[in-house]
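[1] What would the 3D arrangement of this be:
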Amino acid sequence: MQPEVVVVGSANVDLVLPVQRIPRPGETVLAGVMSRGPGGKGANQAVAAARAGARTAMVVALGADDGGALLRDALGGSGVDLSLATTSDAPTGTAIITVEESGENSIVVAPGANGELALSADALAAIGQAKIVLSQLEIPFSTVQAAAAASTYFILNAAPAADLSDELLAEVDLLVVNETEAEVVGGQDRSALLKKVPAAIVTLGGDGAVILTRDTDEIAVPGVPVEVVDTTAAGDTFCGVLAAALAAVSVNDSITGSDLTNAVRRANVAASLSVQAAGAISSVPHGDAIDARYAEVYL
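    Just a heads-up that it's a prediction; the model follows:
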């Protein structure tokens with residue numbers, strides 16, 4: 001079955017260390033019991049899109065190791081089509097995540113197989129036929145560029161923060177960034193992002209998000225207040241659910257400002273649910289939970 005959303009991105013084994021606080025430079029702190037689970041920006045986003053109800057495929061490179069097996073089980077078990085996944089001689093990517101008691105985190109990633117990801121002819125064909133293609137920056141920029149060029153509607157979550165070429169940004173239909181990433185791409189005035197892309201969403205953590213387009217004034221979408229346990233997958237949940245929501249309303253590749261607003265509301269709700277649970281993929285909510293909470297907040 002033809003996927004509606006194709007995620008081109010990373011997958012990592014997450015090693016999570018609970019700490020009272022994230023260490024300062026040069027400081028050593030003691031952690032609680034380490035946990036190991038599936039994650040990575042691309043994998044988290046693909047699971048979020050699939051659990052939100054979109055037919056989702058992932059273009060990903062995994063190692064021929066137990067980490068790769070762990071991720072295949074987690075992605076496939078969440079309904080993500082892995083027919084476009086490849087096996088690399090490099091080890092599966094690994095992320096070391098410290099999570100402090102407030103729920104804030106610090107992450108270091110060893111890319112491993114993610115650094116080997118390239119697009120096959122089958123992957124390019126699937127990308128060209130998908131309603132929405134979503135990518136991030138934990139994979140080679142050349143692969144992101146190729147995916148963007150082949151897409152009908154391309155969402156770039158420009159994370160981790162990086163300087164981006166004008167050539168890549170010219171292919172982006174919707175940019176999703178947090179406040180730090182927005183400054184790296186466009187400077188301190190976030191409206192400057194619209195000189196580089198036709199539309200952008202700046203996420204503001206618990207305060208929600210702001211939508212920027214060339215056709216309308218800035219639209220603020222408030223966050224959904226909750227008790228925070230772990231923010232690890234919040235941004236990825238936001239992106240995946242956003243992609244699924246836009247795929248559901250895309251007609252002849254046209255997405256309106258009201259479509260964006262409604263999609264961001266759903267993404268905010270989903271992110272608020274994810275921060276109430278620990279872990280990455282394990283914290284990503286399912287569509288029925290998103291629907292129920294959305295109804296409580298907006299209907």
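[2] use CA for all of it now, contacts and neighbours both
    Fine.
[3] Show me the shaky parts of the stretch 101-250 of the chain.
    250 (pLDDT under 70).
[4] Helices along that one, start to end?
    121-129, 141-150, 166-169, 179-186, 234-249 (DSSP state H, counting those that start in this stretch).
[5] Check the protein and tell me which residue is nearest its centre.
    residue 236 (3.2 Å; Cα atoms, centre = their mean).
[6] Angles on the backbone of the closest residue to that residue other than its chain neighbours, please.
    Nearest in space to residue 236, with sequence neighbours left out and distances taken as Cα to Cα, 6 or more residues apart in numbering, is residue 45 at 5.0 Å. Backbone geometry at residue 45, expressed as degrees, to the nearest 10, gives phi -70, psi -40.
[7] now residue 45: how far from residue 189?
    The spacing between residue 45 and residue 189, counted by Cα to Cα, to the nearest Å, is 28 Å.
[8] between the two, who's got more neighbours?
    residue 45 (37 against 9; other Cα atoms under 10 Å).
[9] contacting residues around the more buried one?
    7, 236, 237, 238, 239, 240, 241 (Cα atoms under 8 Å, 6 or more residues apart in numbering).
[10] and which of the residues you listed is nearest to residue 29?
    residue 236 (27.5 Å; Cα to Cα).
[11] Pretty sure that closest one sits against residue 47.
    No - applying Cα atoms under 8 Å, one finds residue 236 not in contact with residue 47, separated by 9.4 Å.
[12] quick one, strands of the stretch 51-200 of the chain?
    Using DSSP state E, counting those that start in this stretch, the strands of the stretch 51-200 of the chain run over 56-59, 61-63, 86-88, 93-100, 105-110, 132-135, 154-157, 174-178, 199-203.
[13] Keeping just the C-alphas, turn the longest one into CSV.
    Taking C-alpha atoms only, strand 93-100 is exported to CSV below (Å, rounded to 0.1, in the frame of the first residue of the first chain):
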residue,chain,number,x,y,z
GLY,A,93,23.3,4.6,15.8
THR,A,94,23.5,5.2,19.6
ALA,A,95,22.3,8.1,21.7
ILE,A,96,23.3,8.7,25.3
ILE,A,97,20.6,10.7,27.0
THR,A,98,20.8,12.2,30.5
VAL,A,99,17.3,13.1,31.9
GLU,A,100,17.1,15.3,35.0
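[14] partners of that strand, with directions?
    Using DSSP bridges, the strands paired with strand 93-100 are strand 12-19 (parallel), strand 105-110 (antiparallel).
[15] do the same with the last one
    Strand 199-203 pairs in its sheet with strand 174-178 (parallel), strand 209-213 (antiparallel), by DSSP bridges.
[16] need those strands in TSV with distance to residue 151 and mean neighbour count, can you?
    Output for the strands paired with strand 199-203, formatted as TSV (distance: least, Cα to Cα, whole Å; neighbours: other Cα atoms under 10 Å):
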stretch	distance to residue 151	mean neighbour count
strand 174-178	12	23
strand 209-213	20	22
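[17] Including distance to residue 184, could the ones you listed go into CSV?
    Conversion of the strands paired with strand 199-203 to CSV gives the following (distance: least, Cα to Cα, whole Å):
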stretch, distance to residue 184
strand 174-178, 10
strand 209-213, 17
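[18] Contact partners for the residue nearest to the centre of the chain?
    Contacts of residue 236 by Cα under 8 Å, 6+ apart are 41, 42, 44, 45, 48.
[19] so what's residue 189 closest to, chain neighbours aside?
    Nearest residue to residue 189, sequence neighbours excluded (Cα to Cα, 6+ apart): residue 183, at 7.5 Å.
[20] what's residue 229 sitting at in phi/psi?
    Dihedral angles (degrees, to the nearest 10) for residue 229: phi -110, psi -50.
[21] Could you verify my assumption that it touches residue 272?
    No - the criterion here is Cα under 8 Å, and residue 229 misses it with residue 272 at 10.4 Å.
[22] Looking only at neighbour counts, state which of these two leads.
    Using other Cα under 10 Å, the more surrounded residue of residue 229 and residue 272 is residue 272, with 27 against 18.
[23] And for the closest residue to the more buried one other than its chain neighbours, the neighbour number?
    In space, and not counting its chain neighbours, residue 272 is closest to residue 224: 6.1 Å by Cα to Cα, 6+ apart. Neighbour count of residue 224, defined by other Cα under 10 Å: 19.
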